[in-house]
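In: sequence and predicted structure are below.
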Amino acid sequence: MERINISTGSSWEPIVGYSRAVRIGHTIEVSGTTSADADGIKFPGDLYSQARYCIEKILKALASCGAGKEHVIRTRMYVTDISKWEVVAKAHAEFFSEIRPATTMVEVSRLIDPALLVEIEASAVVG
């Protein structure tokens, strides 16, 4: 099967050795996605906006692989403060309430930068 690696040009991709998304056959895996981009971290201190931005980035990666949000079968959300789970859940529901993928939300002690409050990954199946 053909392998398609999707890159965003992030400076972290070659350092860590990963792709934003990988498609093999009908399966697409989108790496953990934060609100960081080439200009720095978007929305520091704003968990809701960070979560929305993560999902928007995930949807762009999926589009690069020929998929849309309707193809998402699983999401995983990593938050630095689980007591604010409803904020992340609200953003997630705005994109996925009709699709209702399997999901997980867990608290982690920290992400790669203290300004990052959430990281989200997704799995999708097309065809």
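Out: Received, thanks. Numbers count the residues shown, from 1 in each chain.

In: His92 in helix, strand or coil?
Out: Here His92 is helix, with the state taken from DSSP: H, G, I helix; E, B strand; the rest coil.

In: show me what counts as buried in stretch 106-123.
Out: Neighbour counts over stretch 106-123 (16 or more other Cβ atoms under 10 Å) mark Leu111, Ala115, Leu116, Leu117, Val118, Glu119, Ile120, Glu121, Ala122, Ser123 as buried. Every C-beta, even on glycine, is put in place using the N, C-alpha and C of the backbone.

In: do stretch 58-74 as well
Out: For stretch 58-74, the neighbour count (16+ other Cβ under 10 Å) marks Ile58, Leu59, Ala61, Leu62, Ser64, Cys65, Ala67, Lys69, His71, Val72 as buried.

In: which is the next helix or strand following the helix or strand of the chain with the lowest mean pLDDT?
Out: Here the helix or strand of the chain ranked lowest by mean pLDDT, DSSP states H and E is helix 12-16, holding a mean of 85. Following helix 12-16 in sequence order, the next helix or strand is strand 21-24 (DSSP states H and E).

In: need the next SSE after that following strand, C-terminal direction.
Out: Next along from strand 21-24, by DSSP H and E: strand 27-33.

In: how far does whichever helix or strand comes after that following strand sit from the chain's center?
Out: Using DSSP H and E, the helix or strand that follows strand 27-33 towards the C-terminus is strand 36-37. Relative to the chain's own centre, strand 36-37 is displaced by 12 Å; criterion: Cα atoms, centre = their mean, to the nearest Å.

In: hang on, the earlier thing: which of the buried residues of stretch 58-74 fall within helices?
Out: Judged by DSSP state H, helices contain the following of these: Ile58, Leu59, Ala61, Leu62, Ser64.

In: pLDDT score assigned to Gly127?
Out: Gly127 carries a pLDDT value of 86.

In: about what we covered before: what's next to the least confident helix or strand of the chain, contact-wise?
Out: Helix 12-16 has contacts (Cβ atoms under 8 Å, 6 or more residues apart in numbering) with Ser7, Tyr18, Ser19, Arg20.

In: format the buried residues of stretch 106-123 as CSV; extra columns: secondary structure.
Out: CSV is the format used below for those (three-state DSSP):
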residue, secondary structure
Leu111, coil
Ala115, coil
Leu116, coil
Leu117, coil
Val118, strand
Glu119, strand
Ile120, strand
Glu121, strand
Ala122, strand
Ser123, strand
